[in-house]
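Trainee: no sequence for this one, just the structure:
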(Lines give C-alpha, C1' and ligand atoms only; values in the text may rest on other atoms or scores of the structure.)
Protein backbone atom coordinates (compact mmCIF):
# COMPACT_ATOMS: atom_id res chain seq x y z
CA UNK A 1 0.00 0.00 0.00
CA UNK A 2 3.11 2.17 0.01
CA UNK A 3 2.58 3.70 3.47
CA UNK A 4 6.05 4.71 4.64
CA UNK A 5 5.41 7.02 7.61
CA UNK A 6 6.26 5.04 10.80
CA UNK A 7 3.74 7.07 12.83
CA UNK A 8 0.94 6.18 10.39
CA UNK A 9 1.95 2.51 10.47
CA UNK A 10 2.02 2.54 14.29
CA UNK A 11 -1.38 4.23 14.51
CA UNK A 12 -2.84 1.70 12.09
CA UNK A 13 -1.24 -1.23 13.98
CA UNK A 14 -2.77 -0.07 17.28
CA UNK A 15 -6.22 0.22 15.72
CA UNK A 16 -5.83 -3.16 14.07
CA UNK A 17 -4.90 -4.74 17.43
CA UNK A 18 -8.06 -3.26 18.96
CA UNK A 19 -10.18 -4.48 16.05
CA UNK A 20 -8.81 -8.03 16.12
CA UNK A 21 -9.38 -8.27 19.88
CA UNK A 22 -13.06 -7.86 19.10
CA UNK A 23 -13.12 -10.85 16.77
CA UNK A 24 -13.38 -13.22 19.70
CA UNK A 25 -15.16 -10.97 22.20
CA UNK A 26 -18.73 -11.13 23.47
CA UNK A 27 -20.74 -9.06 20.96
CA UNK A 28 -22.12 -6.51 23.42
CA UNK A 29 -21.89 -3.01 21.99
CA UNK A 30 -21.72 -0.95 25.18
CA UNK A 31 -19.15 1.79 25.82
CA UNK A 32 -15.94 0.41 27.31
CA UNK A 33 -16.43 -3.18 26.11
CA UNK A 34 -13.87 -4.91 23.92
CA UNK A 35 -16.50 -5.29 21.20
CA UNK A 36 -17.31 -1.55 21.27
CA UNK A 37 -13.64 -0.56 21.06
CA UNK A 38 -13.14 -3.06 18.23
CA UNK A 39 -16.11 -1.70 16.28
CA UNK A 40 -14.84 1.88 16.62
CA UNK A 41 -11.33 0.86 15.57
CA UNK A 42 -12.75 -1.08 12.61
CA UNK A 43 -14.69 1.96 11.41
CA UNK A 44 -11.58 4.16 11.69
CA UNK A 45 -9.48 1.60 9.79
CA UNK A 46 -12.05 1.48 6.98
CA UNK A 47 -12.18 5.30 6.82
CA UNK A 48 -8.39 5.51 6.58
CA UNK A 49 -8.25 2.77 3.95
CA UNK A 50 -10.96 4.43 1.86
CA UNK A 51 -9.08 7.74 2.11
CA UNK A 52 -5.87 6.04 0.96
CA UNK A 53 -7.67 4.22 -1.88
CA UNK A 54 -9.36 7.45 -3.04
CA UNK A 55 -6.00 9.24 -2.98
CA UNK A 56 -4.46 6.44 -5.08
CA UNK A 57 -7.39 6.56 -7.52
CA UNK A 58 -7.00 10.32 -7.96
CA UNK A 59 -3.25 9.86 -8.46
CA UNK A 60 -3.96 7.20 -11.07
CA UNK A 61 -6.41 9.45 -12.94
CA UNK A 62 -4.19 12.57 -12.76
CA UNK A 63 -0.91 10.95 -13.75
CA UNK A 64 -2.38 8.36 -16.13
CA UNK A 65 -0.17 5.60 -14.78
CA UNK A 66 -0.06 2.36 -16.73
CA UNK A 67 2.09 0.35 -14.31
CA UNK A 68 0.92 -0.42 -10.78
CA UNK A 69 3.31 0.62 -8.02
CA UNK A 70 1.51 -1.31 -5.27
CA UNK A 71 -1.42 -3.62 -4.52
CA UNK A 72 -4.03 -0.86 -4.28
CA UNK A 73 -2.95 0.62 -7.61
CA UNK A 74 -3.09 -2.84 -9.20
CA UNK A 75 -6.63 -3.41 -7.93
CA UNK A 76 -7.72 0.00 -9.19
CA UNK A 77 -6.25 -0.77 -12.62
CA UNK A 78 -8.20 -4.06 -12.60
CA UNK A 79 -11.41 -2.03 -12.30
CA UNK A 80 -12.29 -2.79 -8.68
CA UNK A 81 -14.35 -0.21 -6.78
CA UNK A 82 -13.05 1.52 -3.68
CA UNK A 83 -15.39 -0.52 -1.44
CA UNK A 84 -14.30 -3.81 -3.08
CA UNK A 85 -10.63 -2.90 -2.54
CA UNK A 86 -11.34 -1.86 1.06
CA UNK A 87 -13.05 -5.20 1.74
CA UNK A 88 -10.20 -7.16 0.11
CA UNK A 89 -7.51 -5.38 2.10
CA UNK A 90 -9.35 -5.83 5.40
CA UNK A 91 -9.70 -9.51 4.46
CA UNK A 92 -5.96 -9.71 3.76
CA UNK A 93 -5.16 -8.12 7.12
CA UNK A 94 -7.41 -10.49 9.04
CA UNK A 95 -6.24 -13.55 7.10
CA UNK A 96 -2.58 -12.72 7.64
CA UNK A 97 -2.90 -11.80 11.31
CA UNK A 98 -0.72 -14.21 13.30
CA UNK A 99 -0.60 -16.79 10.49
CA UNK A 100 2.99 -15.97 9.48
CA UNK A 101 4.31 -16.46 12.99
CA UNK A 102 2.29 -19.66 13.40
CA UNK A 103 3.57 -21.05 10.08
CA UNK A 104 7.18 -20.14 10.87
CA UNK A 105 6.89 -21.70 14.33
CA UNK A 106 5.67 -25.01 12.89
CA UNK A 107 8.26 -24.97 10.10
CA UNK A 108 11.07 -24.54 12.64
CA UNK A 109 9.49 -27.16 14.90
CA UNK A 110 9.30 -29.72 12.09
CA UNK A 111 12.86 -28.93 10.97
CA UNK A 112 14.12 -29.68 14.49
CA UNK A 113 12.39 -33.08 14.28
CA UNK A 114 14.00 -33.90 10.91
CA UNK A 115 17.72 -32.99 10.90
CA UNK A 116 18.33 -34.26 7.32
CA UNK A 117 15.66 -31.88 5.98
CA UNK A 118 17.06 -29.08 8.15
CA UNK A 119 20.53 -29.61 6.64
CA UNK A 120 19.12 -29.61 3.10
CA UNK A 121 17.22 -26.36 3.75
CA UNK A 122 20.30 -24.81 5.38
CA UNK A 123 22.51 -25.75 2.41
CA UNK A 124 19.98 -24.29 -0.04
CA UNK A 125 19.82 -21.05 1.96
CA UNK A 126 23.61 -20.84 2.14
CA UNK A 127 23.85 -21.34 -1.65
CA UNK A 128 21.51 -18.38 -2.15
CA UNK A 129 23.45 -16.30 0.35
CA UNK A 130 26.77 -17.05 -1.37
CA UNK A 131 25.40 -16.25 -4.83
CA UNK A 132 23.72 -12.95 -3.97
CA UNK A 133 26.54 -11.10 -2.25
CA UNK A 134 26.50 -9.46 1.16
CA UNK A 135 24.76 -6.16 0.46
CA UNK A 136 22.19 -7.06 -2.16
CA UNK A 137 18.62 -7.53 -0.95
CA UNK A 138 16.62 -10.65 -1.78
CA UNK A 139 14.91 -10.46 -5.15
CA UNK A 140 12.32 -12.78 -6.72
CA UNK A 141 15.01 -14.76 -8.55
CA UNK A 142 16.50 -15.88 -5.23
CA UNK A 143 13.14 -17.01 -3.89
CA UNK A 144 12.60 -19.07 -7.04
CA UNK A 145 15.82 -20.94 -6.28
CA UNK A 146 14.55 -21.98 -2.82
CA UNK A 147 12.59 -24.96 -4.15
CA UNK A 148 13.31 -27.36 -1.28
CA UNK A 149 12.65 -24.67 1.33
CA UNK A 150 9.29 -24.00 -0.32
CA UNK A 151 8.43 -27.73 -0.28
CA UNK A 152 9.26 -27.91 3.44
CA UNK A 153 7.13 -24.83 4.16
CA UNK A 154 4.19 -26.25 2.19
CA UNK A 155 4.43 -29.61 3.96
CA UNK A 156 4.58 -27.95 7.38
CA UNK A 157 1.51 -25.86 6.51
CA UNK A 158 -0.29 -28.98 5.25
CA UNK A 159 0.38 -30.77 8.53
CA UNK A 160 -0.33 -27.73 10.72
CA UNK A 161 -2.45 -25.14 8.86
CA UNK A 162 -1.71 -21.64 10.18
CA UNK A 163 -5.41 -20.79 9.96
CA UNK A 164 -7.05 -23.68 11.73
CA UNK A 165 -10.64 -22.67 11.13
CA UNK A 166 -12.94 -20.54 9.06
CA UNK A 167 -16.52 -19.40 9.24
CA UNK A 168 -18.88 -20.56 6.51
CA UNK A 169 -22.46 -19.47 5.95
CA UNK A 170 -25.07 -22.22 5.65
CA UNK A 171 -26.71 -21.79 2.24
CA UNK A 172 -29.57 -24.19 3.09
CA UNK A 173 -31.06 -25.67 6.24
CA UNK A 174 -29.28 -28.91 7.17
CA UNK A 175 -29.02 -31.35 10.03
CA UNK A 176 -25.72 -32.43 11.56
CA UNK A 177 -25.36 -34.81 14.51
CA UNK A 178 -29.03 -34.32 15.36
CA UNK A 179 -28.84 -30.50 15.31
CA UNK A 180 -30.65 -28.41 12.69
CA UNK A 181 -28.53 -25.59 11.28
CA UNK A 182 -30.76 -22.93 9.66
CA UNK A 183 -29.89 -21.24 6.38
CA UNK A 184 -27.85 -18.06 6.94
CA UNK A 185 -26.21 -19.20 10.18
CA UNK A 186 -22.46 -18.99 10.47
CA UNK A 187 -20.71 -22.32 11.03
CA UNK A 188 -17.11 -22.64 12.24
CA UNK A 189 -15.16 -25.24 10.27
CA UNK A 190 -12.11 -26.52 12.13
CA UNK A 191 -9.17 -27.92 10.16
CA UNK A 192 -7.21 -30.73 11.81
CA UNK A 193 -3.45 -30.62 12.25
CA UNK A 194 -0.89 -33.28 12.95
CA UNK A 195 2.29 -33.17 15.02
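Mentor: Cool, got the structure. All of these numbers come straight from a predicted model, not from anything done at the bench.

Trainee: neighbours around residue 83, how many?
Mentor: Look at residue 83: counted by other C-beta atoms under 10 Å, it has 11 neighbours. (C-beta placed from N, C-alpha, C; glycine too.)

Trainee: in what helix or strand does the residue nearest to it when sequence neighbours are not counted lie?
Mentor: Among residues not flanking residue 83 along the chain, residue 50 sits closest, at 7.8 Å (C-beta to C-beta, 6 or more residues apart in numbering). Residue 50 belongs to helix 34-63 when elements are defined using DSSP states H and E.

Trainee: check which element follows that helix along the chain.
Mentor: Counting by DSSP H and E, what follows helix 34-63 is helix 71-77.

Trainee: could you give me the average pLDDT of that following helix?
Mentor: Helix 71-77 shows a mean pLDDT of 88.

Trainee: following that helix, which helix or strand comes up?
Mentor: Assigned by DSSP H and E, the successor of helix 71-77 is helix 82-96.

Trainee: could you give the angle of that next one to helix 34-63?
Mentor: Angle, helix 82-96 to helix 34-63, by axes from the mean of the first three to the mean of the last three C-alpha atoms, to 10 degrees: 130 degrees.

Trainee: centre of the chain to the helix or strand that helix 82-96 is followed by, how far?
Mentor: Following helix 82-96 in sequence order, the next helix or strand is helix 99-113 (DSSP H and E). Taking the mean of its C-alpha atoms, helix 99-113 sits 17 Å from the chain's own mean (C-alpha atoms, centre = their mean, to the nearest Å).

Trainee: which parts of the following helix or strand past helix 99-113 are buried?
Mentor: Once helix 99-113 ends, the next helix or strand along the chain (criterion: DSSP H and E) is helix 115-132. Residues 117, 120, 121, 124, 128 are the ones in helix 115-132 that count as buried (16 or more other C-beta atoms under 10 Å).

Trainee: any stretches of the protein with poor pLDDT?
Mentor: Along the chain, the model assigns pLDDT under 70 to residues 1-2, 135, 164-166, 191-195.

Trainee: again, 90 this time
Mentor: Along the chain, segments meeting pLDDT under 90 span 1-13, 16-27, 55-56, 59-74, 77, 87-103, 129-144, 157-171, 176, 184-195.

Trainee: ok so, going back, and the residue nearest to residue 83, how far from residue 41?
Mentor: Separation of residue 50 from residue 41 (C-beta to C-beta, to the nearest Å): 15 Å.

Trainee: show me which of those two is the more surrounded one.
Mentor: Using other C-beta under 10 Å, the more surrounded residue of residue 50 and residue 41 is residue 41, with 20 against 14.
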